[in-house]
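In: Model the following, please.
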Amino acid sequence: MPVALRAAATLTLAGAASATALDGSALAEPEPTLAEVEERVDALHAEAEEATEAFNAATEAAEEAEADLDDLRDRAARRTAELNEARDALGSQAGAEYRTGGLPAALQLALSADPEDFLRRADLVDRGDVGRARALRDVERRVRDIERLREEAEDRAEALAEARERAAEQREVIDDRIDEAEELLATRTAKERERLLGEERQGPVAPASAAVATSPRAAAAVGYAYAQLGKPYGWGATGPDAFDCSGLTQAAWRAAGVALPRTSYAQVDAGTRVSRAELAPGDLVFYYSGISHVGIYVGDGQIIHASRAGTPVRMAPVDSMPFAAATRPA
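Out: Below you'll find the model as predicted:
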């Protein structure tokens, strides 16, 4: 074949290949395997659960800041009422002195409607006799107390706003990760989705006996956990209808009369640390390096936990996730 014809044929083939590539059919990415989907879904749920615990912590901080803010406002209102009473008393004294020859500068200052002006000028005024000086110092103390409470209230209001913002950010992360996981699962068959979510049905489960628990409280916590089997997972939920991981363990031990913190990474510091070999029914078992998941040990190498969205409260082998720590609340 002449060189010119060979060149033309080569260009024609190259053009066809380029068109195919641009069309996308030749470069279409292969569908991920079930194992790859499982790995990605697990990673997404792990990220969602870590964000859930961060959301729980931010929500708890917001609730505490809001309660503090309400308390500070109440205290400021009471102090203001007390200040007004003190000024009323000085007002009576001022009226008497005015009728007998004029109003002293100290009393004029104490009756000022501007607390900041009072504080700026208080040290510049002659305070006169001892009784008047005592009354004036009392007004000054009350004004300074009110100003301090107002400053504290402003700080707590800022903390409240920041905590709410953190909670909103974590909620967005949770929604994004769960949505992505759902999109991946939607590409698989129903049978594959059951496998990926670990939704296999469990047979009847016999609760651990109180004799193997370390205390009656531990036995009560275990009994509560068994009673929640099959209830749905709900991020940020503490029962009684749905739970996230730390919500379940908190509720279980609350039923036993023991108050635990809200998040998994706070619960890990509640109680006595125990080793993997020392686990007894009622102990809390924590997973992953960030302490982002927790379950309650029920004996026979099993935990009960609220694992993730789409999967109900269920039993699982204690070693089904990377072990991080364990504690005995009571």
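In: Distance from the lengthiest helix in the chain to the middle of the chain?
Out: The residue-count maximum for a helix in the chain (DSSP state H) belongs to helix 34-99. Distance, stretch centre to chain centre, for helix 34-99: 15 Å (C-alpha atoms, centre = their mean, to the nearest Å).
In: what is the rounded mean pLDDT of it?
Out: For helix 34-99, mean pLDDT rounds to 79.
In: Point out the other helices and strands that it packs with.
Out: For helix 34-99, the packing partners by 3 or more C-beta pairs under 8 Å, 6 or more residues apart in numbering; DSSP states H and E come out as helix 105-110, helix 130-185, helix 190-197, helix 245-255, helix 264-267. To be clear about C-beta, it is placed using only N, CA and C from the backbone, and glycine gets the same treatment.
In: To what extent is residue 173 buried, counted in neighbours?
Out: Using other C-beta atoms under 10 Å, residue 173 has 16 neighbouring residues.
In: Residue 291 versus that one, what's the distance?
Out: For residue 173, the distance to residue 291 equals 18 Å [C-beta to C-beta, to the nearest Å].
In: Looking at the helices and strands packed on helix 34-99, which one is packed in the most?
Out: The highest mean neighbour count among the helices and strands packed on helix 34-99, using mean count of other C-beta atoms under 10 Å, belongs to helix 245-255: a mean of 25.
In: what angle do that one and helix 34-99 make?
Out: 60 degrees (axes from the mean of the first three to the mean of the last three C-alpha atoms, to 10 degrees).
In: Quick one: distance of helix 245-255 to the chain centre.
Out: 15 Å.
In: for the host helix or strand of residue 224, packing partners?
Out: Using DSSP states H and E, residue 224 sits within helix 216-227. Helix 216-227 sits against helix 245-255, strand 293-299, with contacts defined as 3+ C-beta pairs under 8 Å, 6+ apart.
In: quick one: which of these is nearest residue 317?
Out: strand 293-299 (10.4 Å; C-beta to C-beta).
In: Now for residue 195: which residues touch it?
Out: 34, 38 (C-beta atoms under 8 Å, 6 or more residues apart in numbering).
In: sorry, back to before: relative to helix 130-185, how tilted is the longest helix of the chain?
Out: Relative orientation of helix 34-99 versus helix 130-185 (the same axes, to 10 degrees): 160 degrees.
In: that older thread, go through the helix holding residue 224 and flag the buried ones.
Out: 217, 218, 219, 220, 221, 222, 223, 224, 225, 226 (16 or more other C-beta atoms under 10 Å).
In: before we move on, back to that, can you list the helices and strands packed on helix 34-99 in TSV and add distance to residue 299?
Out: Listed next are the helices and strands packed on helix 34-99 as TSV, based on distance: least, C-beta to C-beta, whole Å:
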stretch	distance to residue 299
helix 105-110	72
helix 130-185	32
helix 190-197	25
helix 245-255	14
helix 264-267	20
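In: Out of the ones you listed, the one nearest residue 45 is which?
Out: Residue 45 lies closest, by C-beta to C-beta, to one member of the helices and strands packed on helix 34-99: helix 130-185, at 6.0 Å.
In: Give the rounded mean pLDDT of the closest one.
Out: 82.
In: And it, what does it pack against?
Out: helix 34-99, helix 105-110, helix 115-121, helix 190-197.
In: Can you check which of these gets nearest to residue 149?
Out: Between those, helix 34-99 lies closest to residue 149; by C-beta to C-beta that is 4.2 Å.
In: Extract the C-alpha set from stretch 156-168 and format it as PDB.
Out: Provided in PDB are the C-alpha atoms of stretch 156-168 (Å, rounded to 0.1, in the frame of the first residue of the first chain):
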ATOM      1  CA  ARG A 156     -22.300  31.900  76.900                       C
ATOM      2  CA  ALA A 157     -24.400  33.300  74.100                       C
ATOM      3  CA  GLU A 158     -21.400  33.100  71.800                       C
ATOM      4  CA  ALA A 159     -20.700  29.600  73.000                       C
ATOM      5  CA  LEU A 160     -24.300  28.600  72.300                       C
ATOM      6  CA  ALA A 161     -24.100  30.000  68.800                       C
ATOM      7  CA  GLU A 162     -20.800  28.200  68.100                       C
ATOM      8  CA  ALA A 163     -22.100  24.900  69.500                       C
ATOM      9  CA  ARG A 164     -25.200  25.100  67.300                       C
ATOM     10  CA  GLU A 165     -23.100  25.900  64.300                       C
ATOM     11  CA  ARG A 166     -20.900  22.800  65.000                       C
ATOM     12  CA  ALA A 167     -24.000  20.600  65.400                       C
ATOM     13  CA  ALA A 168     -25.400  21.900  62.100                       C
END
